[in-house]
Every structure is written in structure tokens, then in C-alpha cells.
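# Make a model of this:
(one chain, ligands or ions: 1)
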Amino acid sequence: MLRARSRPSLDRPGVARVNGLAESAAARARHRTISIARAMPGADAARFAELVLAARDAWTPAFGAEQWSLGRAFYTHLEEGLDGEYFRGAAASDAEVEARAPGLQAAVIDVAARALGERVVRRAGFCGPGVHVFLPGDPVAERGGVVHFDTEGLTPAQLAARAPAATLVLMLRPALEDGGTTVWDVDYAGRDHATHAELAAPSHTLRYDEAGDAALIDAYRLHQIRPFSGGPRVSATAHLARRPDGAWECWF
Ligand SMILES: [Fe+2]
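This next block holds a predicted model:
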């Protein structure tokens, strides 16, 4: 079902809603989080989603099979004490993603670079972009995801300097109802968990109306995947941090 799209607009301070990647790059000067309609042609995103869904035998479970991914996600492995396995399996993970969804990693890196308007390279030793799959009826669909910051993959130096960092969520298959991302006007302050006061701060929900819509979320801003129905919800993800030489490194 096609829904009417909003015109590019400033929905809330700190969040911009734009059409296309050129507008995203332009909006970054004034906005920390950007909701991007048509970041990738919808047919391309839908084709990648079909490939990911057909590769279920290759999915990696996380948190007791509460969620799945094609490719290995650093934050889930870190939180489950499996970071050694993550690094040992990084090359195999990238090979699997490329075998099952050819061209996906390169396409995600290209979208990230154009959304940022800057150069993006793979982070050495880490897995390249991958895909999160959330199934209907699973905890994330029923209750929403954990409220969090995307700081797990940042080095201590990047964290101390508050190096520019972002997460690209490229929706390959949106849920039929909701499944957006809520972003609070709350910055990372060295704690992984939000306080009640922080959760009462102003927030904005980013929508993914169509396959190919995306969000570029400031990694230091508190955020959460909203509950959804009509899944699976399939989203490619690249975590990004700016290096001193100006290039952004990406990982999953
Ligand atoms: Fe996140």
C-alpha cells in the first residue's frame, strides 16, 4: 500500500526528514539524525530483502534467537560474550553475506557515503554491513527493542573525543505497521541505560514507509526500535565513525 509522503521538512529540532541521499548530505550540517525517503530504489531494496529471507539457513541467532542477522553484528556478540568469535568469523561472515546477497554490502556502503556526503571505508578486522531480521511475534515485534545508544563499537579514544558517529538503517522490507525508530533528545553520558527523566525527554519517531527508506541516526542519541506487526522487518545496517583522516569507517 502506498502512503502519501511528507514533503521534506524539519519535524523536530535535531531531526530532519528528507527525500534522497543528496538532501541527506546537505541536511547533516544542521541535523544530527536524518530520516531519508528513497535512499535506495524500492525494487533494489525489495530484491535484497527476498535474498535475505531466502537465506534463513545462514542467519545468525542472537539473545536466544530473539533476533536474527545475515552477517555477524558486533553489539550482539559483545553483549553475549562472543566478541572473540565475532572477530575470528569476520571474513567468513562477509563471504556469507556476499554469497547470499551479492552486492548488498557494497550498496550499503555506497548509500552510507552518499547519505553522509563523505568517504566510507570498511573497518579493518570487523564485519562489513549486515542485515537484521526481526520476525513477527518475537519480543522486538511485541514490545519494541531495547532502548540504547550505538556506542558499543566505538574505540575508547573515539568515545572520549565524541568522534562523529552514526548508524545507517536501510530498510529492505518495512513492517506493514510501525517498526519505526524512536530517537530521544538525549545524549550518551557514559551510561548504557537511560534514566526515567531521560525517557521523558522529547522524542521523535522515524518512519520507514517503503522499501529503500533509511535513517541516519546519531550514535550518541538514545533510540529504540518500535513494536511492529506484519513482519518480518528486514533492515541492512552499517555502524559508522569518523576517523581523524576524515574518512568514515563502517562495520556491522
Ligand atoms: Fe541502535
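# Helix, strand, or coil at residue 23?
Assigned state for residue 23: helix (three-state reduction, DSSP: H, G, I helix; E, B strand; the rest coil).
# tell me, how many neighbours does it end up with?
Look at residue 23: counted by other CB atoms under 10 Å, it has 17 neighbours. C-beta: built from backbone N, CA, C; applies to glycine.
# could you measure it against residue 209, distance?
Shown here: residue 23 relative to residue 209, a distance of 16 Å by CB to CB, to the nearest Å.
# ditto for residue 116
For residue 116 relative to residue 209 (CB to CB), the value is 22 Å.
# what does residue 178 give?
11 Å.
# Can you pull out the low-pLDDT segments for the stretch 101-250 of the chain?
Scanning the stretch 101-250 of the chain for pLDDT under 70 picks out nothing.
# The closest residue in space to residue 17 that isn't next to it in sequence is in what secondary structure piece?
Spatial nearest neighbour of residue 17, excluding adjacent residues (CB to CB, 6 or more residues apart in numbering): residue 35 at 4.5 Å. Using DSSP states H and E, residue 35 sits within strand 33-37.
# Which residues does that strand contact?
5, 11, 14-21, 23-24, 27-28, 115, 183, 204, 206-207, 209-210, 213-218, 221 (CB atoms under 8 Å, 6 or more residues apart in numbering).
# do the same with stretch 242-251
74, 109, 112-113, 116, 118-123, 126-129, 153, 163-166, 168, 238-241.
# can you do 10 Å?
73-74, 86, 90, 105, 108-109, 112-113, 116, 118-130, 153, 157-158, 161, 163-168, 237-241 (CB atoms under 10 Å, 6 or more residues apart in numbering).
# out of these, which are buried?
Taking 16 or more other CB atoms under 10 Å as the criterion, what is buried in these is 73-74, 86, 90, 105, 108-109, 112-113, 116, 118, 120, 122-123, 126-130, 153, 158, 163-168, 237-241.
# roughly how far apart are the closest residue to residue 118 other than its chain neighbours and residue 166?
If the residues on either side of it in the chain are set aside, residue 118 comes closest to residue 248, at 5.8 Å by CB to CB, 6+ apart. Distance of residue 248 to residue 166, given as CB to CB: 8 Å.
# Now do the shared contacts for the two.
Counting by CB under 10 Å, 6+ apart, the contacts common to residue 248 and residue 166 are 112, 116, 238, 239, 240, 241, 242.
# correct me, but the third one touches residue 105?
Yes: contact criterion CB atoms under 10 Å: residue 238 and residue 105 qualify, at 8.8 Å.
# Now do the shared contacts for the two.
In contact with both residue 238 and residue 105: 122, 128, 129, 130, 250, 252, using CB under 10 Å, 6+ apart.
# quick one: the helices in the stretch 1-150 of the chain?
21-27, 42-54, 74-79, 83-88, 90-100, 104-116, 139-143 (DSSP state H, counting those that start in this stretch).
# Mind putting these into TSV with distance to residue 194?
Conversion of the helices of the stretch 1-150 of the chain to TSV gives the following (distance: least, CB to CB, whole Å):
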stretch	distance to residue 194
helix 21-27	26
helix 42-54	31
helix 74-79	16
helix 83-88	24
helix 90-100	30
helix 104-116	26
helix 139-143	16
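# Could you identify which of those is most buried?
helix 104-116 (a mean of 22; mean count of other CB atoms under 10 Å).
# so how far is that one from its chain's centroid?
12 Å (CA atoms, centre = their mean, to the nearest Å).
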